[in-house]
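**Q** Sequence first, predicted coordinates after that:
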Amino acid sequence: YFGTVNGRRVAGRTDLYEITNVIEKPTPTQAEQELIVAGLRSGYYLCMFGMHVLTPTVMTILSEVLQGNMNGNSLSAPLAYALTELSRRERYLALQVRGVRHNMGMKYGLLRSQLALALSGQDRDQILSELVELLATGREQ
């Protein structure tokens with residue numbers, strides 16, 4: 001499960017959405033009921049993880065959350081709440097990015113993600129040669 005968003009496509013773009021709701025780790029039933037995005041296949045949702053570019057308003061909202069001014073809402077995911085509130089106060093956009101997700105929280109996840117990044121670049125052959133040499137010698141150079 002990830003943070004999942006609801007919104008609508010921005011006119012003239014297929015990869016840009018104006019966000020209206022954010023739910024952290026929704027159940028499948030909750031997603032079916034609250035996170036339908038027009039134009040996406042049934043059972044497909046916009047999920048987010050990792051990167052955000054946010055305006056200072058989100059810090060104001062988080063401060064309000066910490067001070068308990070949440071209009072009676074319980075707080076299980078403060079950032080998700082703040083992002084939904086941000087979408088009510090100002091325009092909040094999400095860009096759909098096609099790529100590969102790497103889990104750095106698992107054993108060797110950081111190493112795996114760094115290798116994937118290195119092997120996808122222009123120096124792939126050099127990196128592979130150095131890895132083969134490292135494996136052949138059995139020690140760092």
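**A** Thanks, I have it. Residues are numbered from 1 along each chain as shown.

**Q** Work out the gap between the longest strand along the chain and the centre of the chain.
**A** Ordering each strand of the chain by length in residues (DSSP state E) puts strand 16-24 first. Its chain's C-alpha centre and that of strand 16-24 lie 11 Å apart, by C-alpha atoms, centre = their mean, to the nearest Å.

**Q** quick one: strands adjacent to that strand?
**A** Sheet pairing here is set by DSSP bridges, and for strand 16-24 it gives strand 3-9 (antiparallel), strand 93-95 (antiparallel).

**Q** other SSEs contacting whichever helix or strand comes after it?
**A** Of the helices and strands lying after strand 16-24 in sequence (DSSP states H and E), the nearest is helix 28-34. Other helices and strands packing on helix 28-34, by 3 or more C-beta pairs under 8 Å, 6 or more residues apart in numbering; DSSP states H and E, are strand 16-24. No exception for glycine: its C-beta is placed from N, CA and C like everyone else's.

**Q** residue nearest the centroid of this structure?
**A** With distances taken as C-alpha atoms, centre = their mean, the residue of the chain nearest its centroid is F49 (1.8 Å).

**Q** The helix or strand bottoming out on mean pLDDT in the chain - contacts with which helices or strands?
**A** Every helix and strand of the chain was ranked by mean pLDDT, DSSP states H and E. The lowest is strand 46-48, at a mean of 86. In this structure, strand 46-48 makes packing contacts with strand 3-9, judged by 3+ C-beta pairs under 8 Å, 6+ apart.
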